[in-house]
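Trainee: Starting from these lines, generate the structure:
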Amino acid sequence: MINGYPVIDAHVHAPALNTLRPAWLEWAESFSKDHPWRDAYVGERADPVAFDGLLRGEGVDHALLFCEYSPRATGIQPIEDVARLAAVNNARFSLVANLNPHLHFPLLDELQRQLDLGAVAVKLHPVHGVFDPGDKELYPVYARCGDLGVPVIFHSGVSSFPGSRTSYGNPELLLDAVDYFPDLQFVFAHGGRGWWYDVAAFMAQTKSNVWLDLAGLPPKKLPEYYGRFDLNRIAQKMIFGTDWPGVPGIRNNVEALMGLGLPEETLAKVLSGNARAIFTRLPSKLGNS
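Mentor: Presented below is the predicted three-dimensional model:
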């Protein structure tokens, strides 16, 4: 909790470092600046107690922990590596599943396996995984997630990692799926970062089941990135996330967001209320609450 506001960071990475490609470590070191993210690690793995303490100190009530199966870009970061962190404090951490159709078949079997480990959402990373998120092969996943009330997080926008296929980050690729599955909540991670801010924001503003995750976006830049939209109105569909550890401190981002002049009710929605509303499998009691 920061200044009386509960905080949910809906986009956090804490993989075993030996599962990563060098570019990931370079990214983390560069964008974290002076933030001591390695204090959460003992050797190659995040230490559950240290990690919990670091996020508690940053004012984070709850964090969604990502895994990733993208051998071409960042490496294979198994869900089991973050499941051990969530198991130590379920009030602070939840898991997000990850599917790559080039690796996982049948997709529904792998989805169920990761949900059984406690995942509260599923992430698709078509830019790193190099696949079309609008491909009909993924529709059974969307249907199952819709039936179960499990949101789908989609990497929208560019990526700097070697091996990425940026064209698959276009939010327009999900237009048909968004309309075909109106009861399924789609979260556009990074909010269309790069040259798709307008597309992502327009979809979020016009589609009740589309949301924008702010991971990787400096809060002070949001009025610029979404300059063609009323910030208070589009913020109604925003979900706070940082892309930790590629951020110079979670608390810093929260405080920068507070400095935008958003109404208190809107700010509360961005920092935790919207996440609470769509990630329905989160625990009723959060870590700092």
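Trainee: contacts, neighbours, all on C-alpha from now
Mentor: Will do.
Trainee: Show me where the stretch 1-150 of the chain has its helices.
Mentor: 22-32, 48-57, 79-88, 107-116, 126-129, 139-148 (DSSP state H, counting those that start in this stretch).
Trainee: will you turn the ones you listed into a markdown table that also has mean pLDDT and distance to residue 193?
Mentor: Below are those laid out as a markdown table (pLDDT from 0 to 100; distance: least, C-alpha to C-alpha, whole Å):
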| stretch | mean pLDDT | distance to residue 193 |
| --- | --- | --- |
| helix 22-32 | 93 | 16 |
| helix 48-57 | 96 | 25 |
| helix 79-88 | 94 | 25 |
| helix 107-116 | 98 | 27 |
| helix 126-129 | 96 | 12 |
| helix 139-148 | 98 | 23 |
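Trainee: Could you dump those helices into CSV and include distance to residue 237?
Mentor: Shown next, in CSV, are the helices of the stretch 1-150 of the chain (distance: least, C-alpha to C-alpha, whole Å):
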stretch, distance to residue 237
helix 22-32, 26
helix 48-57, 25
helix 79-88, 27
helix 107-116, 25
helix 126-129, 22
helix 139-148, 19
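Trainee: Between these, which one is closest to residue 5.
Mentor: helix 48-57 (13.7 Å; C-alpha to C-alpha).
Trainee: Give me whichever of the helices of the stretch 1-150 of the chain is most buried.
Mentor: Highest mean neighbour count among those (mean count of other C-alpha atoms under 10 Å): helix 126-129, with a mean of 26.
Trainee: Run through who's touching that one.
Mentor: With C-alpha atoms under 8 Å, 6 or more residues apart in numbering as the test, helix 126-129 has contacts from 69-74, 100, 102, 132-133, 154-155, 158-159, 161, 163-169.
Trainee: go with 10 Å
Mentor: 68-75, 99-103, 132-134, 154-170 (C-alpha atoms under 10 Å, 6 or more residues apart in numbering).
Trainee: From what I see, residue 119 and residue 94 are in contact.
Mentor: Yes: the pair residue 119 / residue 94 is scored as a contact, 6.6 Å apart, by C-alpha atoms under 10 Å.
Trainee: Give me the common contacts of these two.
Mentor: The overlap between the contact sets of residue 119 and residue 94 (C-alpha under 10 Å, 6+ apart) consists of 64, 65, 66, 83, 86, 281, 282.
Trainee: Let's have the residues you listed in a markdown table, adding distance to residue 29.
Mentor: Formatted as a markdown table, the shared contacts of residue 119 and residue 94 follow (distance: C-alpha to C-alpha, whole Å):
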| residue | distance to residue 29 |
| --- | --- |
| 64 | 21 |
| 65 | 19 |
| 66 | 18 |
| 83 | 24 |
| 86 | 24 |
| 281 | 32 |
| 282 | 30 |
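Trainee: Buried ones among those residues?
Mentor: Neighbour-count burial (16 or more other C-alpha atoms under 10 Å) is assigned, among those, to 64, 65, 66, 83, 86, 281, 282.
Trainee: The second one contacts residue 95, correct?
Mentor: Yes: the pair residue 65 and residue 95 passes the contact test of C-alpha under 10 Å, sitting 4.9 Å apart.
Trainee: Overlap in contacts, the two.
Mentor: Common neighbours of residue 65 and residue 95 (criterion: C-alpha under 10 Å, 6+ apart): 12, 79, 82, 83, 85, 86, 119, 120.
Trainee: Cheers, nothing more for now.
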